[in-house]
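# Sequence and predicted structure are below.
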Amino acid sequence: MFKLSKMTDYGVVVLSYMANSTDRLSTAPDLAERTTLPAPTVAKILKLLARADVVAATRGAQGGYHLDRDPSEISVAEVIAALEGPVALTACVDGSEDSCAVERLCPMAGGWDTINAAVKSALDGVSLADLIEESSAIPPAFRLPADEAAKFEH
């Protein structure tokens, strides 16, 4: 089974919230509260995404995080790479951080590269904006009422 980690799932949730709040900075505690995810997990996700230039951080008392680019310019493959490492379906594909003990004898050596490239290409072709559009909207629990949103404007 090809399965992404909870970290990537949570990362997409955090990014989706941020994409719908582009007019303000978001802090890790605020995002944790709004998404109901554990604060340490949200903080870790934000640091990894910032390191990969998916989000940008502003330091200071009025600091926080915001998307570094438009949601249509952030690919799912980029989010996965930021949170899990490069897309690699097996240990023997180009870019895999794992090693395969029988790679030199394997009749499939290099064969998985074609499949891995196709999966990566498909993930590159889906943006954060596409995911948000597909979900048809952020759940009401994620939306801030206008009066509450005003509290966070800087």
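Done, it's in.

# can you pull out the helices in this structure?
Secondary structure of the chain (DSSP state H): helices at 6-19, 28-35, 39-51, 76-84, 111-124, 128-134, 146-152.

# Just put these in CSV and tack on mean neighbour count.
All C-beta atoms are positioned from the backbone trio N, CA, C, and that covers glycine. Converted to CSV, the helices of the chain look like this (neighbours: other Cβ atoms under 10 Å):
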stretch, mean neighbour count
helix 6-19, 20
helix 28-35, 18
helix 39-51, 18
helix 76-84, 20
helix 111-124, 15
helix 128-134, 16
helix 146-152, 10
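
# could I get the ones you listed as JSON lines with mean pLDDT?
Output for those, formatted as JSON lines (pLDDT from 0 to 100):
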{"stretch": "helix 6-19", "mean pLDDT": "94"}
{"stretch": "helix 28-35", "mean pLDDT": "94"}
{"stretch": "helix 39-51", "mean pLDDT": "96"}
{"stretch": "helix 76-84", "mean pLDDT": "94"}
{"stretch": "helix 111-124", "mean pLDDT": "85"}
{"stretch": "helix 128-134", "mean pLDDT": "86"}
{"stretch": "helix 146-152", "mean pLDDT": "53"}
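
# Residue 66: how many residues sit nearby?
Around residue 66 sit 15 other residues, with neighbours defined as other Cβ atoms under 10 Å.

# Residue 90 now?
16.

# That one and residue 83: what is the separation?
Remark: distance between residue 90 and residue 83 (Cβ to Cβ, to the nearest Å) = 20 Å.

# quick revisit: wait, which of the helices of the chain is closest to residue 57?
Among the helices of the chain, the nearest to residue 57 by Cβ to Cβ is helix 39-51 (4.9 Å).

# other SSEs contacting the closest one?
Applying 3 or more Cβ pairs under 8 Å, 6 or more residues apart in numbering; DSSP states H and E, we find helix 39-51 packed against helix 6-19, helix 28-35, strand 55-58, strand 64-67, helix 76-84.

# hmm, who's touching that helix?
Judged by Cβ atoms under 8 Å, 6 or more residues apart in numbering, the contacts made with helix 39-51 from elsewhere in the structure are 7, 10-11, 14-15, 28-29, 31-32, 35, 55-57, 65, 79, 82-83.
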